[in-house]
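**Q** Any chance you can model this:
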Amino acid sequence: MTSTLPERLPTIASNNMELLDGILISKTIKNELSEKVAARKSQGKKIPHLAAIIVGSDGASMTYVSSKVKSCQEIGFESTLIQLPEHATEQEVLDKISQLNGDDQVDGYIIQLPLPRHIDEHRILQAVDYKKDVDGFHPENVGRMALGLPCFLPATPAGIIELLRRYKIETTGKNCVVVGRSHIVGMPMGLLMQRNNQPGNATVTVVHSKTQNIGSICAQADILIVAIGKPYFVTADMVKPGAVVIDVGITRVPDPSKKSGFKLAGDVNFEEVAPLASYITPVPGGVGPMTIASLLMNTLLAAERKDA
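**A** The predicted model follows:
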């Protein structure tokens, strides 16, 4: 992908803070992908095909999967959505995975998380063919990522890396603090930020629920990446002036002024922190769109690997 920086960035008048606009960058990436799909089509090559399995009818999950399907349509990908009821058995999910593993028309697919409690998430994710694991959750892809080998990177961390790259944010030698240690965001984010690459080469500290003095550790960060799912957790006293702040969290919180009765909140108290930051992601509109863009990039990569 070519590195593209938006011509104009929204700013807050009180300082030189700039928003890391995930919506704008994701649109640029989608345009690039659309051109590549058109080129593949003109060359008689297979159109990339992304599939998704969702179990149950959780509102947030349904919205997220629908946005993925819509994005596929926008750039010319083929897509398949497999919906299973909340009471579907683990074996029924495994059967669908087996079908997708053996379907040559499907280049990559995802299992929408979270799964119902009666289904073993680890068993499900390990059943996915790692060559089609465009979410980057399979142990094979996680291990290859840790070793710096070709793999599918987890979509959210990869999206953050792409956002940093396209805004030309320097990471080499910087002190990066990652708040949260999940296998979906925190753990891979730490690995990617310290790898010998750009973005990368940062000195990384991962803090979590058992870490003491989290606030003082965060306040030393040149780059602060927050992914714990606790609204407004990071406040102004936890942020170093001039820091780059990446807010991965997105939670529904009550808001009587909204027709829906809620609003979306990040893990960072944006109003407090934004005046201190050099760059910051908004919620919504920051990391979320980049996650979907990364998923699409991985799907194209899966199709290209099958060309070889």
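
**Q** Any idea how far apart the tips of stretch 169-189 sit?
**A** End-to-end distance for stretch 169-189: 16 Å, by CA to CA, to the nearest Å.

**Q** Any idea how far it is from the middle of the chain?
**A** Offset of stretch 169-189 from its chain centre (CA atoms, centre = their mean, to the nearest Å): 13 Å.

**Q** what comes up buried for it?
**A** 169, 171, 174-182, 184-189 (16 or more other CB atoms under 10 Å). Any C-beta I mention is one placed from the backbone N, CA and C, and that applies to glycine too.

**Q** and if you look at stretch 205-224?
**A** Within stretch 205-224, the residues that count as buried by 16+ other CB under 10 Å are 205-207, 214, 217-219, 221-224.

**Q** now stretch 26-33
**A** Neighbour counts over stretch 26-33 (16+ other CB under 10 Å) mark 26, 28-30, 32-33 as buried.

**Q** next one: stretch 60-74
**A** Within stretch 60-74, the residues scored as buried using 16+ other CB under 10 Å are 61, 64-65, 68-69, 71-72.

**Q** With just CA atoms, put that stretch into CSV.
**A** Provided in CSV are the C-alpha atoms of stretch 60-74 (Å, rounded to 0.1, in the frame of the first residue of the first chain):
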residue,chain,number,x,y,z
ALA,A,60,-23.3,-4.7,18.4
SER,A,61,-22.0,-7.8,16.7
MET,A,62,-24.7,-7.7,14.1
THR,A,63,-23.9,-4.1,13.4
TYR,A,64,-20.2,-4.8,13.1
VAL,A,65,-20.6,-7.8,10.8
SER,A,66,-23.1,-5.8,8.6
SER,A,67,-20.5,-3.0,8.2
LYS,A,68,-17.9,-5.6,7.1
VAL,A,69,-20.3,-7.0,4.5
LYS,A,70,-21.1,-3.5,3.3
SER,A,71,-17.4,-2.7,3.0
CYS,A,72,-16.9,-5.8,0.8
GLN,A,73,-19.7,-4.6,-1.5
GLU,A,74,-18.2,-1.1,-1.7
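
**Q** Could you point out which of the buried residues of stretch 60-74 is nearest to Arg165?
**A** Among those, Ser71 lies closest to Arg165 (CB to CB), at 20.2 Å.

**Q** how close does that closest one sit to Ile217?
**A** Between Ser71 and Ile217 the distance is 36 Å, computed by CB to CB, to the nearest Å.

**Q** likewise Val37?
**A** In this view, Val37 and Ile217 are 44 Å apart by CB to CB.

**Q** Of the buried residues of stretch 26-33, which is the nearest to Glu272?
**A** In terms of CB to CB, no member of the buried residues of stretch 26-33 lies closer to Glu272 than Ser26, at 26.5 Å.
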